[in-house]
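**Q** next one to model:
(chains A and B)
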Amino acid sequence: ETGVTQTPRHLVMGMTNKKSLKCEQHLGHNAMYWYKQSAKKPLELMFVYSLEERVENNSVPSRFSPECPNSSHLFLHLHTLQPEDSALYLCASSQRAGGQGHQPQHFGDGTRLSIL
Amino acid sequence: KQEVTQIPAALSVPEGENLVLNCSFTDSAIYNLQWFRQDPGKGLTSLLLIQSSQREQTSGRLNASLDKSSGRSTLYIAASQPGDSATYLCAGGGGSQGNLIFGKGTKLSVKP
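**A** Numbers count the residues shown, from 1 in each chain, chains lettered A, B, ... in the order given. Modelled structure (predicted):
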């Protein structure tokens, strides 16, 4: 499925670097999400955007900074990361955020991030 | 706070077997229950979504059920094939933003 595209697929960076992850969805959805998937842990929701406004921030450290310039694009800006931030970062989208009803989330293939 | 548990963590079966993957959740006030498949190095592929008002959903060889009163969902895979080998994740949707709370997954291996 190419509805949600994430770049880069792999990223290796030092703790002092600044980089950005990009997500683009071609599904006409209005909500986008960032998740973190670490080894041996469930997927953790990081951020939710609905109609380009942040509606949820799950106590994520400030070294992760999201940006949603429009409903099709979502970025995750990274700076001064720690080794424990190494993980697979997944982006998802859905027709809308919140509420009941049919709200399947569609995921990208993720960015595998390694912090040296 | 919603917690989702999946049992077993790993499962290995011979090809052709029918199998059941289990998912339990602590808060019955979920909006929906979604099952995903994740292949190594890949993102999640949505398999089935059951709304809170529904009891089950079917897609091909897959059947998912939802029992909110007992806090359980099961994913039934009929006539398993090696191509079914993957990690299967369940997630409960709820909260003010309908956020998904995930289990750790069941890693399925189907041997030819």
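**Q** just give me the residue right at the centre of chain A.
**A** A:Trp34 (2.6 Å; C-alpha atoms, centre = their mean).
**Q** by mean pLDDT, which helix or strand of chain A comes out lowest?
**A** strand A:53-57 (a mean of 77; mean pLDDT, DSSP states H and E).
**Q** please enumerate the strands of the chain.
**A** With no chain named, the answer covers chain A. In chain A, the segments counted as strands under DSSP state E are A:4-7, A:10-13, A:18-25, A:31-37, A:44-50, A:53-57, A:64-70, A:73-79, A:87-94, A:106-107, A:111-115.
**Q** hmm, I had chain B in mind actually
**A** B:4-7, B:10-14, B:19-25, B:32-38, B:44-51, B:56-59, B:62-67, B:72-77, B:86-94, B:99-102, B:106-111.
**Q** tabulate these (TSV), appending distance to chain A.
**A** From N, CA and C alone the C-beta is placed, and that goes for glycine too. Converted to TSV, these look like this (distance: least, C-beta to the nearest C-beta, whole Å):
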stretch	distance to chain A
strand B:4-7	7
strand B:10-14	12
strand B:19-25	12
strand B:32-38	7
strand B:44-51	4
strand B:56-59	11
strand B:62-67	13
strand B:72-77	15
strand B:86-94	6
strand B:99-102	4
strand B:106-111	12
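**Q** name the residues of the least confident helix or strand of chain A that are buried.
**A** By 16 or more other C-beta atoms under 10 Å in any protein chain shown, the buried positions in strand A:53-57 come out as A:Glu56.
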